[in-house]
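In: just the structure for this:
(one chain, ligands or ions: 1)
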Amino acid sequence: MIVGVPKEIYPGERRVALTPAVVPLLAKAGLEVVIEPGAGAAAGYPDAQYQEKGAKVLPDRSAVFAQADIIVQVLSHGANDKNGASDLKLMRRGQGLIGFLRPLSSAQAVQEIAQAGVSSFSVELIPRTTRAQSMDALSSMASIAGYKAVLEVANALPRMFPMMTTAAGTITPSKVLVIGAGVAGLQAIATAKRLGAVISAYDVRPAVKEQVQSLGARFVELPLETQDAQDARGYAKAQDEAFYAKQRELLGRTVAENDGVITTAVVPGKKAPVLVTADMVKGMAPGSVILDLAAERGGNCELTRPGETVVERGVTIMGPINLASGVPYHASQMYARNLTSFLTNLVKDGKVRPPESDDIIRDTLLTQGGEVVNVRVREMLGMPKPVASGS
Ligand code: NAD
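Out: Take a look at the predicted model:
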């Protein structure tokens with residue numbers, strides 16, 4: 001079976017789906033790798049390294065699509081909302097596709113992939129079970145985004161993070177607040193701690209309090225009823241607008257006390273809740289910085305503009321999208337490992353295993369035989385249940 005790696009085409013994207021190091025691991029599982037010339041160059045992996053490890057460099061992109069049984073990408077159509085659709089015409093019925101497809105927020109793209117007859121697997125839908133942990137691409141990319149978010153804030157602040165005692169006086173440490181302490185938030189706390197900031201963090205799920213404290217941050221307790229904040233899969237549940245209004249009111253003072261605020265609060269399949277209003281931004285000292293990691297999902301700050309940095313009354317509000325792409329070498333290394341685990345579970349004896357045989361395959365299979373087959377996605381997109389269920 002041949003696995004094809006096209007070069008990423010989303011503007012500014014520097015990651016690559018597979019790195020040279022995983023080529024021999026895939027070969028052991030009977031999977032041959034072909035790449036588009038320069039596929040890994042922007043991530044720091046030249047073609048020659050792929051060749052040394054046994055991958056073939058084909059003449060161009062269309063040759064990769066023509067030869068591969070399965071195409072692996074970082075941002076596929078759906079997650080690549082700029083030019084991802086252009087790949088669909090290079091694909092054929094029955095061909096496999098694995099990548100970020102953003103299935104819960106791009107109904108039209110999902111339908112288009114289905115209509116192309118492609119069997120697609122969405123890495124966003126990998127279940128968060130112990131067995132699937134080595135495939136969890138969302139967590140890999142969230143860790144990197146959390147790390148990079150802190151570097152961006154540190155760079156934009158007119159202050160330093162650590163306390164310094166110098167002959168010119170004592171510098172007080174910067175104060176950083178992290179709202180949303182999931183994978184990205186916890187990594188942001190750990191990184192800001194290493195840089196010497198004083199950190200506090202808040203999450204709607206009380207279960208994270210201990211994790212926050214174990215990283216040396218203060219957990220901000222808000223007098224809010226949050227018993228029912230977590231679903232069975234460990235994700236935050238959506239709350240009603242009255243809850244979010246109360247949350248904003250209570251968070252206001254904490255936000256104003258901090259120099260840097262990193263927000264990561266999202267709820268699967270929903271627009272991100274607004275937790276920092278324009279008024280709250282007004283209450284912050286000039287020079288403060290907000291980095292909204294939820295920008296791509298609508299933003300946690302009312303003033304966030306996705307993909308842009310705005311300055312409002314001296315407060316810088318950054319809404320980066322695709323932060324993980326800014327650390328392409330390690331992001332690709334982690335993603336390639338995730339995909340290798342996924343592929344070696346998916347393919348046995350040169351064939352893709354049927355979805356009924358495995359919960360990871362069943363949960364991630366999005367489209368097959370011209371249909372959107374994933375029950376969860378069909379529900380979210382308001383489609384009726386499929387006759388023959390794929391999930
Ligand atoms: P996420 O990206 O869906 O959300 C980020 C954080 O925002 C979450 O912690 C969430 O509780 C928080 N949030 C949502 N609404 C909020 C609000 N109104 N105010 C404040 N915070 C709010 O979450 P994630 O990073 O993907 O992680 C979700 C959970 O899954 C975590 O408990 C994580 O440890 C767990 N997890 C488990 C596995 C595994 O078992 N294999 C793998 C990865 C993550």
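
In: and Val3, which helix or strand is it part of?
Out: For Val3, the host element (DSSP states H and E) is strand 2-5.

In: check which helices and strands the helix or strand just after that strand is in contact with.
Out: Heading C-terminal from strand 2-5, the first helix or strand you meet, by DSSP H and E, is helix 23-28. Packing partners of helix 23-28 (3 or more C-beta pairs under 8 Å, 6 or more residues apart in numbering; DSSP states H and E): strand 32-35, helix 328-346. To be clear about C-beta, it is placed using only N, CA and C from the backbone, and glycine gets the same treatment.

In: wait, which of the ones you listed is closest to the ligand?
Out: Checking the helices and strands packed on helix 23-28 against the ligand by C-beta to the nearest ligand atom gives helix 328-346 as the closest, at 11.6 Å.

In: what helices and strands are in contact with that closest one?
Out: The helices and strands touching helix 328-346, judged by 3+ C-beta pairs under 8 Å, 6+ apart, are helix 23-28, strand 70-75, strand 96-100, helix 137-156, helix 359-364.

In: in a markdown table, list those along with distance to Pro223.
Out: A markdown table is the format used below for the helices and strands packed on helix 328-346 (distance: least, C-beta to C-beta, whole Å):
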| stretch | distance to Pro223 |
| --- | --- |
| helix 23-28 | 51 |
| strand 70-75 | 41 |
| strand 96-100 | 38 |
| helix 137-156 | 27 |
| helix 359-364 | 37 |
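
In: mind putting these into TSV with mean pLDDT and mean neighbour count?
Out: Below are the helices and strands packed on helix 328-346 laid out as TSV (pLDDT from 0 to 100; neighbours: other C-beta atoms under 10 Å):
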stretch	mean pLDDT	mean neighbour count
helix 23-28	98	17
strand 70-75	98	25
strand 96-100	98	24
helix 137-156	98	22
helix 359-364	97	20
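
In: quick one: closest of these to the ligand.
Out: Among the helices and strands packed on helix 328-346, helix 137-156 comes nearest to the ligand, with 4.2 Å by C-beta to the nearest ligand atom.

In: list the residues that contact the closest residue to the ligand within the chain.
Out: Residue nearest to the ligand within the chain: Gly182 (2.2 Å; C-beta to the nearest ligand atom). Gly182 sits next to Ala142, Asp203, Val208, Ala236, Thr264 when contact means C-beta atoms under 8 Å, 6 or more residues apart in numbering.

In: any idea how far it is from Ala142?
Out: Noted for Gly182: a distance of 7 Å to Ala142, by C-beta to C-beta, to the nearest Å.

In: per-residue confidence for Pro386?
Out: What the model reports for Pro386 is a pLDDT of 67.

In: before we move on, back to that, which among the contacts of Gly182 are in contact with the ligand?
Out: Checking those against the ligand by C-beta under 6 Å from any ligand atom, the ones in range are Ala142, Asp203, Val208, Ala236, Thr264.

In: from these, pick the one nearest Tyr244.
Out: Closest to Tyr244 out of the ones next to the ligand among the contacts of Gly182 is Ala236 (11.8 Å), distances taken as C-beta to C-beta.

In: what about that closest one, neighbour count?
Out: When counting by other C-beta atoms under 10 Å, one arrives at 21 neighbours for Ala236.

In: wait, it sits on Ala265?
Out: Yes - using C-beta atoms under 8 Å, Ala236 is in contact with Ala265, at 7.3 Å.

In: neighbours of Gln111, how many?
Out: The number of residues packed near Gln111 is 15, by other C-beta under 10 Å.

In: ok, now the one 5 residues further on?
Out: Ala116 is flanked by 21 other residues according to other C-beta under 10 Å.

In: ok, now Lys351?
Out: If you count neighbours by other C-beta under 10 Å, Lys351 ends up with 11.

In: would you enumerate the residues in contact with it?
Out: For Lys351, the contacting residues are Met1, by C-beta under 8 Å, 6+ apart.

In: who's in contact with Gly78?
Out: Contacts of Gly78 (C-beta under 8 Å, 6+ apart): Gly84, Phe100, Leu101, Arg102, Pro103, Ser106, Ala109, Val110, Ile113, Ser122.

In: which residue, neighbours along the chain excluded, lies closest to the first one?
Out: Distance criterion C-beta to C-beta, 6 or more residues apart in numbering; nearest residue to Gly84, sequence neighbours excluded, is His77 at 3.6 Å.

In: pLDDT wise, what is the one you found at?
Out: 97.

In: backbone phi and psi for it, please?
Out: Torsion angles at His77 (phi, psi; degrees, to the nearest 10) stand at phi -50, psi 140.

In: okay but it is in contact with Ala85, surely?
Out: Yes - with contact defined as C-beta under 8 Å, His77 counts as touching Ala85 (5.3 Å).

In: so what's in contact with these two at the same time?
Out: Counting by C-beta under 8 Å, 6+ apart, the residues touching both His77 and Ala85 are Ala109, Glu112.

In: higher neighbour count, those two?
Out: The neighbour count for His77 versus Ala85, taken as other C-beta under 10 Å, is higher for His77 (27 against 16).

In: who's in contact with the more buried one?
Out: Contact partners of His77, counting by C-beta under 8 Å, 6+ apart, are Gly84, Ala85, Asp87, Leu88, Leu101, Ala109, Glu112, Ile113.

In: how about 7 Å then?
Out: Neighbouring residues of His77 by C-beta atoms under 7 Å, 6 or more residues apart in numbering: Gly84, Ala85, Asp87, Leu88, Ala109, Glu112, Ile113.

In: can you tell me which of the residues you listed end up in helices?
Out: Applying DSSP state H to the contacts of His77, the entries found in helices are Ala109, Glu112, Ile113.

In: for those residues, pick the one with the most neighbours.
Out: Compared across the ones in helices among the contacts of His77, Ile113 has the highest neighbour count, 28 neighbours, by other C-beta under 10 Å.

In: close enough to count as contact, that one and Ser120?
Out: Yes - if you go by C-beta atoms under 7 Å, Ile113 and Ser120 touch, sitting 5.1 Å apart.
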